[in-house]
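Participant: Return a 3D structure for these sequence lines:
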Amino acid sequence: KLGKVISFMEHHTNRSIRIEELTAISGSSESTLLRDFKRITGCSPLDYHLKIRLNRASRMLQETEYSITQIAFDTGFSDSNYFSRQFRKLMGTSPSTYRRNTI
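Facilitator: Reported below is the predicted structural model:
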């Protein structure tokens with residue numbers, strides 16, 4: 001069941017997802033999904049999905065010349081400032097610094 005949930009997350013990195021979507025896919029209650037997911041991955045489903053999206057963004061920063069705003073939108077963030085804050089929290093640096101240091 002969690003495999004289907006994780007697969008769904010990996011195929012939907014271009015938008016945010018809702019817990020209700022994941023419970024429908026897993027066929028379990030929200031509390032069961034959250035407990036099992038945390039036990040297996042060490043984090044909540046939404047945090048896990050955020051990490052997947054930010055990892056995709058980091059690859060896009062390395063491999064494309066898209067603007068940071070475009071990458072934010074392509075990875076499901078409607079606000080590039082929020083994207084930058086989340087990116088910095090996970091990667092320890094801003095998207096622009098990350099791009100400069102990895103190219």
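Participant: pLDDT averaged over the longest helix anywhere in the chain - what is it?
Facilitator: Longest helix in the chain, counting residues (DSSP state H): helix 45-63. On average, the pLDDT along helix 45-63 is 96.
Participant: quick one: low-confidence parts of this protein?
Facilitator: 103 (pLDDT under 70).
Participant: Show the contacting residues for the residue lying closest to P45 once chain neighbours are set aside.
Facilitator: In space, and not counting its chain neighbours, P45 is closest to F37: 4.9 Å by C-beta to C-beta, 6 or more residues apart in numbering. C-betas here are computed from N, CA, C, even on glycine. Residues near F37 by C-beta atoms under 8 Å, 6 or more residues apart in numbering: L2, V5, C43, S44, P45, Y48.
Participant: Now, of these, which are buried?
Facilitator: L2, V5, P45, Y48 (16 or more other C-beta atoms under 10 Å).
Participant: residues contacting L54?
Facilitator: Here L54 is in contact with T75, Q86, F87, L90, M91 (C-beta under 8 Å, 6+ apart).
Participant: Same check on L46?
Facilitator: I17, I19.
Participant: Quick check: the gap between it and T97.
Facilitator: For L46, the distance to T97 equals 26 Å [C-beta to C-beta, to the nearest Å].
Participant: Most neighbours out of the contacts of L54, which is it?
Facilitator: Tallying neighbours with other C-beta atoms under 10 Å puts F87 at the head of the contacts of L54, with 26 neighbours.
Participant: for it, helix, strand, or coil?
Facilitator: helix (DSSP: H, G, I helix; E, B strand; the rest coil).
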